[in-house]
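Student: I'll drop the sequence and a predicted model, then ask my questions.
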Amino acid sequence: MQPLRKDHADHYKDFVREEFSTAQSQIQQEICEKAQAKADEVGTTQFAKQLKLDKLIVEMGKKEKALRDFQSKKQSLENDLSFKAQRIADQISDLFNQTRKMRKWDMQAVNLSIKDNHDAVEYITKKIKKACYEEAETHVRKNHKLYHALEGKRKKSLNILMTGSHIQPTLVELKREMATANIVLDLPNSLLALPPK
């Protein structure tokens with residue numbers, strides 16, 4: 001009896017592996033086809049019933065539909081409210097900016113925008129507060145007599161200094177003029193050669 005040579009043994013090992021692999025693939029395909037046929041026969045609905053999930057699945061479907069309907073309505077309502085608020089914001093921006101230009105307020109144009117992370121009411125309220133202060137300051141300045149007289153009093157004070165007169169009458173006159181502007185020229189009376197009070 002002759003023993004199996006190594007090259008013959010290797011050949012038959014490869015042959016056996018290939019044949020068994022092919023057979024296994026065919027059997028696996030047959031199993032898959034029969035399993036699919038059985039699953040189709042039973043059906044998803046029937047199997048869910050066997051698992052006692054059918055009623056829960058129906059209930060979940062109702063809740064999911066209600067959620068989708070709510071989200072759709074919510075989005076529609078949100079868009080509608082945002083659109084209406086933005087229309088009013090645009091009107092406010094236009095009116096404010098027209099007045100800003102006409103009254104020459106020292107601020108940039110406003111552009112109100114309705115956004116999730118932005119408080120438009122607070123923004124325009126701050127701008128109105130600033131504009132109100134500007135208007136009030138202009139009004140107070142316009143009616144402030146000393147403010148308007150101040151430049152004239154400054155020029156007159158400088159002219160008094162430039163007269164070339166003696167120092168004593170010059171300082172007396174300067175002190176008097178500056179006092180009309182509520183500015184104290186604090187000089188000792190001895191320097192002004194004024195009699196003591």
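Tutor: Everything's here; your move.

Student: any idea how far the host helix or strand of Lys13 is from the chain center?
Tutor: Using DSSP states H and E, Lys13 sits within helix 6-42. How far helix 6-42 lies from its chain's middle: 64 Å, per Cα atoms, centre = their mean, to the nearest Å.

Student: OK, contacts around Lys130?
Tutor: Applying Cβ atoms under 8 Å, 6 or more residues apart in numbering to Lys130 gives the contacts 105, 107. No exception for glycine: its C-beta is placed from N, CA and C like everyone else's.

Student: give me the pLDDT for it.
Tutor: Lys130 is assigned 92 on the pLDDT scale.

Student: now swap in the one 3 residues further on and tell me
Tutor: We note a pLDDT of 91 for Tyr133 in this prediction.

Student: name the next helix or strand downstream of the strand or helix carrying it, please.
Tutor: Per DSSP H and E, Tyr133 falls inside helix 120-142. Helices and strands here follow DSSP H and E; after helix 120-142, the next one along the chain is helix 145-161.

Student: hang on, Thr170 in a helix?
Tutor: Yes: per DSSP: H, G, I helix; E, B strand; the rest coil, Thr170 lies within a helix segment.

Student: I figured it hits Met162, correct?
Tutor: No: Thr170 lies out of contact with Met162 (Cβ atoms under 8 Å); the separation is 9.4 Å.

Student: neighbour count: those two, which is higher?
Tutor: Each of Thr170 and Met162 has its neighbours counted (other Cβ atoms under 10 Å); Thr170 has more, 16 against 9.

Student: and the gap between that one and Ser21?
Tutor: Distance of Thr170 to Ser21, computed by Cβ to Cβ, to the nearest Å: 123 Å.

Student: list the contacts for Ile160?
Tutor: 170, 173-174, 177.

Student: outline the domain layout of this protein.
Tutor: Structural domains annotated on the chain: 54-142, 145-192, as defined by automatic domain parsing.

Student: show me what the longest helix along the chain is packed against.
Tutor: In the chain, taking DSSP state H as the definition, the longest helix is helix 54-103. Here helix 54-103 touches helix 44-50, helix 120-142, going by 3 or more Cβ pairs under 8 Å, 6 or more residues apart in numbering; DSSP states H and E.
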